[in-house]
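Undergrad: model this:
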Amino acid sequence: MKKYAFYIALIVSFAASGALHYGHANMTLQFAVSAVAIIFVAGFLGRATESVAHHAGERIGGFLNATFGNAAELIIAIFLVKDGLFDMVKASLTGSIIGNLLLVLGISVLAGGLKFKEQNFNVKMAGHNASLMFLAVIALIIPAVFARSFTIKETSTLSLLVAGILIVAYLLWLLFSMVTHRNMLSDEVVEHGGEPAWSMKLAILFLIVATIMTAFVSEWLVGTVESFTAEFGLSELFVGAFLIAIIGNAAEHSAAVMLATKNKIGAAVEIAIGSSLQIALFVSPVLVVVSWLFGRTMDLVFSFYELAAIAVAVLICKSISQDGQTNWYEGVLLLVVYCILGIAFFLV
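TA: Got it, this is the predicted structure:
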C-alpha cells in the first residue's frame with residue numbers, strides 16, 4: 001500500500017484541484033489545493049526524469065526535464081502575450097531565469113552537498129554554460145541600451161532580429177552539445193544504484209503525462225494568483241518575478257534536488273542552468289515571434305531591475321560552477337543572493 005500512496009495522493013490532489021477550479025470555489029482554497037497538487041505532480045515528473053536519465057544519460061535526462069518543464073511556462077506565457085500582458089511576461093521570464101540559477105541550483109547543490117562532501121560534473125560543460133549565460137545577458141542588455149535612441153518600430157525590429165539570432169544560436173548549441181561534441185560534454189559514468197523504475201518508453205510516456213498535468217495545475221494556480229496577491233498587497237513585479245516563477249519551476253525544483261541527493265549533480269546542473277538558458281535563448285525569443293504573429297510585437301527591452309537581477313545571478317552562478325565541483329556552502333551562497341534579490345523586488 002505504501003508503494004502506491006504517492007500515486008493515490010497525486011491523483012486525488014490533481015482531481016481536487018481541477019474540481020475546485022472548474023467549480024469556481026474560493027480562490028484562496030484553490031490556491032492552497034493547487035499548490036499541494038503541483039508538489040505531487042513535480043515529484044511524478046522527477047521520477048520520470050530519473051528513469052530517462054538512467055537509460056539515456058544524465059545530460060539528455062536533464063535536458064528533457066528542462067524542456068518539458070519549460071513547455072508549461074511557454075504555453076502560459078503565450079496566453080499572457082496574446083492578452084498583451086508583456087510586463088508580466090518579462091517579469092515571469094526574469095523570475096524563471098534567476099529562479100533556476102539561484103533557487104533550483106542552490107537547493108540542489110545544498111541538498112547534494114549535505115549528503116556528499118563534494119560533487120563533480122563536466123568542467124567543459126560548465127565553461128560552455130558560462131559562455132551561453134553571458135550571451136543571454138548581452139542579448140538582453142543591447143536592446144535595453146539602444147531602445148532610448150530608437151523609435152518603437154525600430155525597437156520592435158531589433159527585438160525580432162535578435163530573437164531570430166538567439167533561436168538559431170540555441171539550436172546550434174543543441175547540435176553541438178547533443179551531436180557533434182556529445183562525448184566531450186558528457187559526464188563520467190555515475191553509479192545509479194539498481195534498475196530504473198520504468199522502461200525507457202514508459203518513462204518518456206510518463207514524462208509527457210506529467211508535463212501535461214503540470215501545465216494544467218500551473219494554469220489553475222496562476223489563475224488564483226491575482227486574487228491572492230491583491231489580498232496581501234503584493235506588487236506585479238514581485239509576483240511575476242518570484243511567485244509565478246517559483247510555481248512554474250516547481251517541476252524543476254523537485255527533479256533537480258532529487259537527482260542531486262543521489263549524487264547525479266550533472267543532471268541537476270543540466271536542469272537548473274539548462275532550463276535558464278532555454279528560457280533566455282529560446283523561450284523569450286519565441287514569445288517575441290509569437291507576439292509579432294498576433295500583430296503586436298513584444299520587445300526584448302527588460303527593466304533595469306530585471307537586467308540587474310539576471311546579471312547578478314549569472315555572475316554568481318558562473319563563479320560557483322566554473323570549476324565543475326560543488327559543495328553545500330556554494331548552495332548557501334546561491335540561496336543568499338536569491339533572498340537578497342527577493343527582498344529588493346518585494347520592496348520596489
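Undergrad: so where's the stretch 201-348 of the chain shaky on pLDDT?
TA: 236, 240, 244-245, 247-252 (pLDDT under 70).
Undergrad: what about the helices in it?
TA: Using DSSP state H, counting those that start in this stretch, the helices of the stretch 201-348 of the chain run over 236-238, 244-248, 250-260, 265-278, 284-293, 304-321, 328-347.
Undergrad: figure out which of those helices is closest to Leu110.
TA: Minimum separation from Leu110 across the helices of the stretch 201-348 of the chain (Cβ to Cβ) falls at helix 328-347, 3.0 Å. In short, each C-beta sits where N, CA and C put it, glycine included.
Undergrad: re earlier: quick one: closest of the helices of the stretch 201-348 of the chain to Ala32.
TA: Comparing the helices of the stretch 201-348 of the chain by Cβ to Cβ, helix 244-248 comes nearest, at 12.6 Å.
Undergrad: got the phi/psi numbers for Leu120?
TA: Check again: residue 120 is Asn, not Leu. Note on Asn120: its backbone torsions stand at phi -120, psi 150 [degrees, to the nearest 10].
Undergrad: quickly list what it is bridged to.
TA: Gln325 (DSSP bridges).
Undergrad: so who does it touch?
TA: Residues in contact with Asn120, defined by Cβ atoms under 8 Å, 6 or more residues apart in numbering, are 188, 265, 324-326.
Undergrad: need the residues you listed in CSV (columns: neighbour count and distance to Ile8).
TA: Supplementary listing: these in CSV, determined by neighbours: other Cβ atoms under 10 Å; distance: Cβ to Cβ, whole Å:
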residue, neighbour count, distance to Ile8
Glu188, 9, 38
Ile265, 28, 31
Gly324, 18, 41
Gln325, 15, 40
Thr326, 27, 35
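Undergrad: make JSON lines from those residues and add distance to Ile98 to it.
TA: Converted to JSON lines, the contacts of Asn120 look like this (distance: Cβ to Cβ, whole Å):
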{"residue": "Glu188", "distance to Ile98": "30"}
{"residue": "Ile265", "distance to Ile98": "20"}
{"residue": "Gly324", "distance to Ile98": "22"}
{"residue": "Gln325", "distance to Ile98": "23"}
{"residue": "Thr326", "distance to Ile98": "18"}
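Undergrad: for Ala35, which of the helices of the stretch 201-348 of the chain is the nearest?
TA: Comparing the helices of the stretch 201-348 of the chain by Cβ to Cβ, helix 244-248 comes nearest, at 7.6 Å.
Undergrad: related to what we said a few turns ago, for Asn70, which of the helices of the stretch 201-348 of the chain is the nearest?
TA: Comparing these by Cβ to Cβ, helix 265-278 comes nearest, at 5.4 Å.
Undergrad: report the backbone C-alpha coordinates of that closest one in CSV.
TA: Taking only C-alpha atoms (Å, rounded to 0.1, in the frame of the first residue of the first chain), the coordinates of helix 265-278 have been written out as CSV:
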residue,chain,number,x,y,z
ILE,A,265,24.7,16.6,-9.8
GLY,A,266,25.4,16.6,-13.6
ALA,A,267,21.7,16.1,-14.3
ALA,A,268,20.7,18.6,-11.6
VAL,A,269,23.0,21.3,-13.2
GLU,A,270,21.6,20.5,-16.6
ILE,A,271,18.1,21.0,-15.3
ALA,A,272,18.9,24.3,-13.5
ILE,A,273,21.3,26.0,-15.8
GLY,A,274,20.0,24.3,-18.9
SER,A,275,16.4,25.5,-18.1
SER,A,276,17.6,29.1,-17.6
LEU,A,277,19.5,29.0,-20.9
GLN,A,278,16.5,27.6,-22.6
